[in-house]
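>>> Mind folding the following:
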Amino acid sequence: MASGNPDFDLYRLTDEQQQLRQAVRALADDKIAPRAAEVDESGEFPTDVYDELVRAEFHAVHIPAEYGGVGADAVSACIVIEEVARACAASSLIPAVNKLGTQPVILSGSDELKKQVLAPVATGAAMFSYALSEREAGSDAASMRTRAVLDGDHWVLNGTKCWITNAGVSTYYTVMAVTDPSKGPNGISAFVVHKDDPGFSVGAKERKLGIKGSPTCEIYFENCTIPANRIVGEPGTGFKTALRTLDHTRLAIGAQALGIAQGAFDASVAYIKDRRQFGQRIADFQGIQFMVADMAMRIEASRHLIYTAAARAERDEPNLAFTSSAAKVFASDTAMSVTTDAVQLFGGAGYTKDFPVERMMRDAKITQIYVGTIQINRMVMARSLLK
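Numbering: from 1, shown residues only. You can find the predicted model right below:
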């Protein structure tokens, strides 16, 4: 990655990153894409896909080498998520949410905590989820009510978190909770909760529009007791860690959106080159060509935004909030528009489950909502520009 003018960062994928893309795509085409429709239909977590990703070491490439991980850079992590999402959006949440859940620990955790919880994720023995949102504290996360109280050498947590991706299959959960209500956002702390901690439980799965193979549930803390050393950073720093985490992990969702869009585009191009009407291929009609050109243009622009933002994240450059929000918003809006156009290009066939674009259109919608809605991310961008 090269940096010249700080206002215009250039990047070029290395040979290793190009080879990584080829390897992930080969695995996705061979093992993940054939399962995507069944995973969507059954709504079951794809354990076989997880096992394949672990065998290939694609399940959590961002874990630093000193904790047993591959130690891949931020651009490479985006490439992995993108290529898995091209085949199956639900499966792409394995590497994406492993990054989301572990990022607070990587940013702010003690070395002792990192060794304790990152190593099992690196080997595939554990997955990690992220617990920030509550029913009345979604976009307004600072209004959360989950509490944590220090009791001797333990923290005791009480409350409920919602919309937790991969809940029930993850071993660890990064949880934000209020430790000092008098300090507002500066009274929020971050903790790592293990699925076997007393007082922790997982609710029923949400009935969702898309990404059905990734369970989304509430999680409950009823006098949930964890060791004191499982706090992430110092007390009161949790909300700052959460915001820094989102700056890094919006890119993961942007990469997921990009992969969904690319998958829908590839399916559409193959279809319109084969389907014939009025004595010629659909691809030969100028109106269709304009649609395809616009789809490809938005996808390419999304890819450049995401990779540039990821390169800046890797260098820990300032103003990452604007860049990552811009990349996430543009990519998720692109995923929604491209998948909608893909269904249109397939015509009536696109509205059926016989073809993948119907699933991709449903999957795309969530990218405009989670890890910050597109409206909240536009606010983040504006505040960054106007401060």
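
>>> how about Asp163, phi and psi?
Just so we're on the same page, residue 163 is Trp rather than Asp. When read as degrees, to the nearest 10, the backbone of Trp163 gives phi 60, psi 40.

>>> give me phi/psi at Pro181?
Note on Pro181: backbone dihedrals following degrees, to the nearest 10 are phi -60, psi -20.

>>> which residues sit in contact with the closest residue to it other than its chain neighbours?
Closest residue to Pro181 apart from its sequence neighbours, by Cβ to Cβ, 6 or more residues apart in numbering: Gly187 at 5.9 Å. (C-beta placed from N, C-alpha, C; glycine too.) By Cβ atoms under 8 Å, 6 or more residues apart in numbering, Gly187 lies in contact with Val178, Thr179, Asp180, Pro181, Gly236.

>>> Kindly give a single PyMOL line that selects the buried subset of those residues.
Applying 16 or more other Cβ atoms under 10 Å to the contacts of Gly187, the buried members can be selected in PyMOL as follows:
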select buried, resi 178+179+236
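
>>> List the contacts of stretch 324-335.
Stretch 324-335 is contacted by residues 246-248, 250-251, 253-255, 257-258, 260-261, 264, 298-299, 301-302, 305-306, 308-309, 313, 364, 367-368, 371-372, 374, 377-378, 380-381, 384 when judged by Cβ under 8 Å, 6+ apart.

>>> Please repeat the previous calculation with a cut-off of 6 Å.
For stretch 324-335, contacts defined as Cβ atoms under 6 Å, 6 or more residues apart in numbering pick out 247, 250-251, 253-254, 257-258, 260-261, 298, 302, 305-306, 309, 364, 367-368, 374, 377, 380-381.

>>> Cross the residues you listed against helices and list the overlap.
With helices defined by DSSP state H, the entries of these inside them are 247, 250-251, 253-254, 257-258, 260-261, 298, 302, 305-306, 309, 364, 374, 377, 380-381.

>>> burial of Glu300, as a residue count?
Using other Cβ atoms under 10 Å, the number of residues around Glu300 comes to 13.

>>> same question, Ile366
Applying other Cβ under 10 Å, we find 25 residues neighbouring Ile366.

>>> which residues sit in contact with it?
Gly210, Ile211.

>>> any idea of the pLDDT on it?
Predicted confidence (pLDDT) for Ile366: 98.

>>> how close does the residue sitting furthest away from the middle of the chain sit to Phe346?
Distance from the C-alpha centroid of the chain, by Cα atoms, centre = their mean, peaks at Gly279 (43.9 Å). In this view, Gly279 and Phe346 are 20 Å apart by Cβ to Cβ, to the nearest Å.

>>> do Glu317 as well
For Glu317, the distance to Phe346 (Cβ to Cβ) stands at 41 Å.

>>> more neighbours, the two?
Set side by side, Glu317 and Phe346 show more neighbours around Phe346, with 23 against 14, by other Cβ under 10 Å.

>>> Strands of this structure, start to end?
For the chain, applying DSSP state E gives strands covering 128-131, 147-151, 154-165, 172-178, 188-194, 200-205, 216-227, 231-232, 276-277, 280-281.

>>> Now render those as a markdown table, adding distance to Gly71.
Compiled in a markdown table, the strands of the chain are given as follows (distance: least, Cβ to Cβ, whole Å):
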| stretch | distance to Gly71 |
| --- | --- |
| strand 128-131 | 17 |
| strand 147-151 | 32 |
| strand 154-165 | 24 |
| strand 172-178 | 20 |
| strand 188-194 | 21 |
| strand 200-205 | 30 |
| strand 216-227 | 28 |
| strand 231-232 | 21 |
| strand 276-277 | 50 |
| strand 280-281 | 47 |
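
>>> Out of the ones you listed, the one nearest Gly350 is which?
Across the strands of the chain, Gly350 has its closest neighbour in strand 276-277 (14.4 Å, Cβ to Cβ).

>>> Partner strands of the closest one, with direction?
strand 280-281 (antiparallel) (DSSP bridges).

>>> List of residues touching the strand it pairs with?
If you take Cβ under 6 Å, 6+ apart as the criterion, strand 280-281 is touched by Lys273.

>>> Only alpha carbons, please: show stretch 140-158 as PDB.
Taking Å, rounded to 0.1, in the frame of the first residue of the first chain, the C-alpha atoms of stretch 140-158 are listed here in PDB:
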ATOM      1  CA  ASP A 140     -28.700   5.800  20.000                       C
ATOM      2  CA  ALA A 141     -26.300   3.300  21.600                       C
ATOM      3  CA  ALA A 142     -25.200   5.600  24.400                       C
ATOM      4  CA  SER A 143     -28.700   5.200  26.000                       C
ATOM      5  CA  MET A 144     -28.100   1.500  26.700                       C
ATOM      6  CA  ARG A 145     -29.400   0.100  30.000                       C
ATOM      7  CA  THR A 146     -27.400  -3.000  30.500                       C
ATOM      8  CA  ARG A 147     -25.400  -2.600  33.700                       C
ATOM      9  CA  ALA A 148     -22.200  -4.100  35.100                       C
ATOM     10  CA  VAL A 149     -21.200  -3.800  38.700                       C
ATOM     11  CA  LEU A 150     -17.800  -4.800  40.200                       C
ATOM     12  CA  ASP A 151     -18.200  -7.300  43.100                       C
ATOM     13  CA  GLY A 152     -14.800  -8.200  44.500                       C
ATOM     14  CA  ASP A 153     -12.900 -10.000  41.800                       C
ATOM     15  CA  HIS A 154     -15.900 -10.300  39.400                       C
ATOM     16  CA  TRP A 155     -18.200  -8.200  37.300                       C
ATOM     17  CA  VAL A 156     -21.900  -8.900  37.500                       C
ATOM     18  CA  LEU A 157     -23.900  -8.000  34.400                       C
ATOM     19  CA  ASN A 158     -27.700  -7.500  34.100                       C
END
